[in-house]
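Student: Build me a model from this:
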Amino acid sequence: MAQKDYYKALGVDKAASQEDIKKAYRKLAMKYHPDHSSGSKENEERFKEISEAYAVLSDPEKRKQYDTYGDEDFRQRYSQEDIFRDVDLGDILKEFGFGGASFFSFGGGRGKSGKKSRFSFDPESMFGQGNAAGGRQQAGVQARGRDVETELPLTLQEIASGVSKTVSLQTPSGKIESLTVKIPKGLIEGKKVRLAGRGEPSPYGGQAGNLYIRSKLVKDPVFAPEGYDLYVNREIRPSEALLGTTIKVPTVDGRQLSMKVPPGTPSKSRLRLPGQGIPHMRGSGNGDMYVVINVKMPAKLTKKQKELVEALAETGL
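Tutor: Residues are numbered from 1 along each chain as shown. From the prediction side, this is the model:
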């Protein structure tokens with residue numbers, strides 16, 4: 001799948017304000033909307049590209065997810081339906097006379113000439129959504145049923161190894177249906193798997209929608225995940241921090257690794273174990289594990305410890 005750069009599509013940099021993004025979209029929409037340009041297929045595709053970019057970057061949460069995880073992970077988290085859901089470009093588009101309805105219905109508006117728009121940009125035709133007002137359908141196309149999304153709690157160990165889970169769903173008729181779902185490795189929190197045709201049935205005789213299962217991480221008592229990386233805390237004594245030591249570090253799959261802590265390691269240091277994190281959902285390899293070293297200071301010294309520390313202090317340590 002080709003990578004998408006939404007900032008490049010709109011011609012703005014990553015520090016662009018919301019107003020800058022809106023201005024850039026307005027300018028490009030004026031240029032590429034097929035009712036205002038040559039009406040070529042190339043312009044139509046360009047218009048769809050900038051509209052998708054604006055739908056993401058104009059929404060603070062979607063923009064944050066895109067900036068944090070990058071294009072590939074973002075599009076695993078957000079389907080096309082998610083990207084355009086609750087987006088309304090009518091206020092911008094009606095400035096050009098392309099109709100003042102919502103973003104998902106301006107294909108039937110009227111241009112500046114007063115003639116009916118020849119361009120259709122409806123999610124029913126673009127993305128197969130079947131929930132537009134009034135049950136609109138493209139000629140000869142059966143509208144698809146609504147997609148359904150549900151959360152599935154998963155432990156870190158289940159995410160790391162993959163697992164089969166039984167999911168209970170309520171059908172439109174009110175019946176409870178149980179499905180066995182194979183969860184792949186690396187379905188970190190927020191990512192989704194799709195079950196085609198398991199969403200709501202089409203009210204018009206078309207295909208059923210899809211079921212999206214989004215993972216929800218059950219808090220782990222040992223590991224703190226960040227994406228595919230794992231963080232784990234380990235305590236050492238002051239003498240071990242000064243002289244160096246070897247510690248045991250648990251892994252998410254139940255093993256114990258030996259790790260050397262070099263002499264002079266300060267508290268809160270992060271030592272990296274490459275490839276010991278969560279398997280990537282797509283592609284090969286794993287994330288990394290970071291061991292956070294905490295130097296445990298005693299609350300009270302024994303008489304002998306105090307004498308030794310005082311002797312060390314006299315040496316300038």
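Student: helices or strands next to the helix or strand that contains Pro153 in the packing?
Tutor: In this assignment (DSSP states H and E), Pro153 forms part of strand 148-154. In this structure, strand 148-154 packs against strand 163-170, strand 176-183, strand 211-217, with contacts taken as 3 or more CB pairs under 8 Å, 6 or more residues apart in numbering; DSSP states H and E. All C-beta atoms are positioned from the backbone trio N, CA, C, and that covers glycine.
Student: contacting residues around the last one?
Tutor: Strand 211-217 has contacts (CB atoms under 8 Å, 6 or more residues apart in numbering) with 79, 147-156, 159, 167, 169, 179, 181, 183, 187-195, 198-199, 225.
Student: Kindly give a single ChimeraX line that selects the buried subset of those residues.
Tutor: Burial among those is assessed by 16 or more other CB atoms under 10 Å; the matching ChimeraX selection reads:
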select :79,147,148,152,154,156,159,167,169,183,187,188,189,190,191,192,193,198,199,225
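Student: Pop the domain breakdown of this structure in here.
Tutor: Domain assignment of the chain by automatic domain parsing yields the ranges 6-135, 148-217, 224-314.
Student: any chance of the ones you listed in JSON lines, plus mean pLDDT?
Tutor: Below are the domains of the chain laid out as JSON lines (pLDDT from 0 to 100):
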{"stretch": "domain 6-135", "mean pLDDT": "68"}
{"stretch": "domain 148-217", "mean pLDDT": "86"}
{"stretch": "domain 224-314", "mean pLDDT": "93"}
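Student: hang on, the earlier thing: would you mind identifying the next helix or strand past the strand holding Pro153?
Tutor: helix 156-161.
Student: The host helix or strand of Asn43: what's the following helix or strand?
Tutor: Taking DSSP H and E as the criterion, the element that holds Asn43 is helix 41-57. Per DSSP H and E, the first helix or strand lying C-terminal to helix 41-57 is helix 60-77.
Student: And that next one, how far out from the chain middle?
Tutor: On the basis of CA atoms, centre = their mean, to the nearest Å, helix 60-77 sits 5 Å off its chain's mean C-alpha point.
Student: for the stretch 1-150 of the chain, what spans make up the helices?
Tutor: In the stretch 1-150 of the chain, the helices defined using DSSP state H, counting those that start in this stretch lie at 6-10, 18-32, 41-57, 60-77, 80-84, 90-93, 123-126.
Student: any chance of the ones you listed in TSV, plus mean neighbour count?
Tutor: Formatted as TSV, these follow (neighbours: other CB atoms under 10 Å):
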stretch	mean neighbour count
helix 6-10	19
helix 18-32	17
helix 41-57	19
helix 60-77	15
helix 80-84	18
helix 90-93	18
helix 123-126	18
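Student: for the ones you listed, which one sits closest to Arg255?
Tutor: For Arg255, the closest of the helices of the stretch 1-150 of the chain is helix 60-77, at 27.2 Å, according to CB to CB.
Student: Can you list the helices and strands that the closest one packs against?
Tutor: Going by 3+ CB pairs under 8 Å, 6+ apart, helix 60-77 lies up against helix 41-57.
Student: Restrict the helix it packs on to CA atoms and write it as CSV.
Tutor: Listed next in CSV are the C-alpha coordinates belonging to helix 41-57 (Å, rounded to 0.1, in the frame of the first residue of the first chain):
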residue,chain,number,x,y,z
LYS,A,41,-10.4,12.0,-13.9
GLU,A,42,-7.0,13.2,-12.7
ASN,A,43,-8.6,16.3,-11.1
GLU,A,44,-11.3,14.1,-9.5
GLU,A,45,-8.7,11.9,-7.9
ARG,A,46,-6.6,14.9,-6.7
PHE,A,47,-9.7,16.4,-5.2
LYS,A,48,-10.5,13.1,-3.3
GLU,A,49,-6.8,13.1,-2.1
ILE,A,50,-6.9,16.6,-0.6
SER,A,51,-10.3,16.0,0.9
GLU,A,52,-9.0,12.9,2.7
ALA,A,53,-6.0,14.9,3.9
TYR,A,54,-8.2,17.7,5.2
ALA,A,55,-10.5,15.2,6.9
VAL,A,56,-7.5,13.9,8.9
LEU,A,57,-5.6,17.1,9.6
